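Colleague: What shape does this take:
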Amino acid sequence: MKILQVSHSFIPCFDSGGVVRVVYEISKDLVARGHDVTVYTTDGCTKRLDVQLNSPVELDGIRVYYFRNISNWLRMKLKLATPYSMLRVMRNEIEDFDIIHIHEHRTITAVIASYYAKKNGIPYIIQDHGSALPFFQKSTFKKIFDRLWGDAMFKYASRVIALTEAEVEQYKEVGVDTAKIEVVPNGINLSEYEDLPEKGEFRGKYDIKPDERIILYLGRLNKIKAPDLLIKSFAELSNEMKCVKLVMVGPDDGCMENLNHLLRSKDLEDKVLFTGPLYNQDKLEAYVDADIYVLPSLYETFPNTVIEACACGTPVVITDRCGISQMIADNVGIVVEYDKNSLKDGLIRILVDDELREKFEARCSDFVEEYFNIHNVIDSLESIYLNSRKQEL
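Modeller: Take a look at the predicted model:
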């Protein structure tokens with residue numbers, strides 16, 4: 001099949017969040033299966049990407065267009081891409097595609113893609129990655145967008161992909177026809193976790209003592225992921241336990257000033273390490289050396305980092321606001337309430353109970369293999385693509 005993936009960000013803009021890696025892994029695996037895959041994206045990131053613009057480049061067999069945004073400020077502040085050259089290219093190429101897979105519908109790239117797909121009778125699929133409901137950040141803007149374009153995009157989509165059953169309910173709430181909804185989780189390429197780093201590499205780079213327990217947070221420092229709640233909880237924990245280090249990995253996404261103030265007010269500067277974003281081998285080293293991976297999010301549909309941690313054999317603590325909490329609970333980790341004391345108690349429980357921690361560690365590999373192998377995910381996507389084409393024909 002000739003498949004178009006549409007995403008307002010793409011590699012190497014990993015700072016934009018997990019969707020970038022998901023689109024990349026999907027596209028790469030589809031190419032490996034013999035499909036012809038094109039990605040339409042933009043040059044927007046924390047700063048403009050230094051890439052060839054408005055004409056295709058090849059990345060791992062994927063044909064990629066990086067369209068120049070008129071304004072990167074709009075792209076960053078409102079998540080509003082302005083890829084003017086996409087209009088010309090899509091007019092010329094739209095009939096080449098058998099199926100279009102749109103990631104996150106509240107973008108101009110999605111508006112353009114869905115418009116030309118409908119006009120030319122090309123089936124398209126929407127996958128919102130947890131952003132279907134117009135709540136939390138920029139809710140007024142989201143409601144206006146949906147009134148202008150979003151509702152129609154859902155109406156004419158061939159299929160809509162949910163990551164979890166909780167996201168199915170979100171789609172229903174915004175009026176998506178239940179018959180269109182398919183549940184397909186994100187997956188990871190397990191081959192990337194076959195040859196993990198030796199323990200101690202991360203500790204050595206950051207001078208973390210051998211007897212210090214490491215609590216790892218990895219993700220954007222954004223208020224929706226509640227890094228401030230984690231620091232407040234860790235402040236209480238560090239009063240009860242000694243030799244514990246909180247490591248926070250990820251780019252600042254509007255929280256760093258507040259987090260630094262928290263550290264100073266609670267006298268935690270020497271107990272909390274900020275590394276900035278880490279990728280590839282550096283990221284794996286952090287997962288491997290961590291005693292616990294923690295995600296304290298206020299809201300999270302499908303946290304890829306939790307699956308990555310499990311693939312490295314690291315047990316997890318997450319809040320009950322995470323969409324996969326029922327799968328995690330007492331299987332490969334602990335689910336806690338979105339509360340400072342509950343989070344602290346969950347972390348302490350794993351840190352002090354060696355038998356429990358080892359039980360979770362032993363289950364991690366089979367858990368990821370059973371539910372989140374990227375090859376199983378692609379099997380599901382191929383079936384959805386084929387059925388969508390047949391429906392259109």
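Colleague: what residues does the strand or helix carrying residue 126 touch?
Modeller: In this assignment (DSSP states H and E), residue 126 forms part of strand 124-127. Strand 124-127 is touched from outside by 99-105, 110, 113-114, 117-118, 153-154, 156-161, 384-385, 388, with contacts defined as C-beta atoms under 8 Å, 6 or more residues apart in numbering. Backbone N, C-alpha and C define where each C-beta goes, glycine included.
Colleague: That one: which residues count as buried?
Modeller: If you call a residue buried by 16 or more other C-beta atoms under 10 Å, then strand 124-127 has these buried ones: 124, 125, 126, 127.
Colleague: These into CSV, with extra columns for pLDDT and distance to residue 59?
Modeller: Shown next, in CSV, are the buried residues of strand 124-127 (pLDDT from 0 to 100; distance: C-beta to C-beta, whole Å):
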residue, pLDDT, distance to residue 59
124, 97, 23
125, 97, 22
126, 97, 24
127, 96, 20
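Colleague: picking that back up, format the CA atom coordinates belonging to the helix or strand just after the strand holding residue 126 as PDB.
Modeller: Going down the chain from strand 124-127, the next helix or strand is helix 139-145, by DSSP H and E. Provided in PDB are the C-alpha atoms of helix 139-145 (Å, rounded to 0.1, in the frame of the first residue of the first chain):
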ATOM      1  CA  SER A 139      -9.600  24.400  26.000                       C
ATOM      2  CA  THR A 140     -11.300  27.500  24.400                       C
ATOM      3  CA  PHE A 141      -9.100  27.300  21.300                       C
ATOM      4  CA  LYS A 142      -9.800  23.600  21.000                       C
ATOM      5  CA  LYS A 143     -13.600  24.100  21.200                       C
ATOM      6  CA  ILE A 144     -13.400  26.800  18.400                       C
ATOM      7  CA  PHE A 145     -11.200  24.500  16.300                       C
END
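Colleague: any idea how far residue 50 is from residue 66?
Modeller: 10 Å (C-beta to C-beta, to the nearest Å).
Colleague: between those two, which one's more packed in?
Modeller: residue 66 (25 against 10; other C-beta atoms under 10 Å).
Colleague: isn't the more buried one right next to residue 49, touching?
Modeller: Yes. The criterion here is C-beta atoms under 8 Å, and residue 66 meets it with residue 49 at 6.3 Å.
Colleague: mind putting the buried residues of strand 124-127 in CSV, distance to residue 376 included?
Modeller: Shown next, in CSV, are those (distance: C-beta to C-beta, whole Å):
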residue, distance to residue 376
124, 23
125, 18
126, 21
127, 16
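Colleague: quick one: which of those is nearest to residue 263?
Modeller: Distances from residue 263 to the buried residues of strand 124-127, taken as C-beta to C-beta, are shortest for residue 127 (37.3 Å).
Colleague: List of residues touching the helix or strand where residue 232 lies?
Modeller: Assigned by DSSP H and E, residue 232 belongs to helix 227-240. By C-beta under 8 Å, 6+ apart, the residues outside helix 227-240 that reach it are 215, 217, 221, 244, 246, 248, 255, 258-259, 262-263, 266, 268, 271-272, 294, 296, 298, 338, 340-341, 343-344, 347-348.
Colleague: Now find how far off-centre it is within its chain.
Modeller: How far helix 227-240 lies from its chain's middle: 25 Å, per C-alpha atoms, centre = their mean, to the nearest Å.
Colleague: can you give me the angle the next helix or strand after that helix makes with helix 227-240?
Modeller: Heading C-terminal from helix 227-240, the first helix or strand you meet, by DSSP H and E, is strand 244-249. Compare the direction of strand 244-249 with that of helix 227-240 by axes from the mean of the first three to the mean of the last three C-alpha atoms, to 10 degrees and you get 160 degrees.
Colleague: Wasn't residue 258 part of a helix?
Modeller: Yes. The assignment for residue 258 by DSSP: H, G, I helix; E, B strand; the rest coil puts it in a helix.
Colleague: who are the neighbours in contact with it?
Modeller: residue 228.
Colleague: if I look at residue 368, how far off is residue 46?
Modeller: Distance from residue 368 to residue 46, by C-beta to C-beta: 30 Å.
Colleague: Show me which of these two is the more surrounded one.
Modeller: residue 368 (23 against 14).
Colleague: Run a quick check on residue 168 versus residue 180, I expect a contact.
Modeller: No. Using C-beta under 8 Å, residue 168 is not in contact with residue 180; the gap is 10.7 Å.
Colleague: What about the contacts of helix 227-240, which are in helices?
Modeller: Among the contacts of helix 227-240, the members falling in helices (DSSP state H) are 258, 259, 262, 263, 340, 341, 343, 344, 347, 348.
Colleague: want to throw those residues into JSON lines with pLDDT and distance to residue 83?
Modeller: Below are these laid out as JSON lines (pLDDT from 0 to 100; distance: C-beta to C-beta, whole Å):
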{"residue": "258", "pLDDT": "94", "distance to residue 83": "33"}
{"residue": "259", "pLDDT": "95", "distance to residue 83": "33"}
{"residue": "262", "pLDDT": "93", "distance to residue 83": "38"}
{"residue": "263", "pLDDT": "93", "distance to residue 83": "39"}
{"residue": "340", "pLDDT": "95", "distance to residue 83": "42"}
{"residue": "341", "pLDDT": "96", "distance to residue 83": "46"}
{"residue": "343", "pLDDT": "97", "distance to residue 83": "40"}
{"residue": "344", "pLDDT": "97", "distance to residue 83": "45"}
{"residue": "347", "pLDDT": "97", "distance to residue 83": "43"}
{"residue": "348", "pLDDT": "97", "distance to residue 83": "48"}
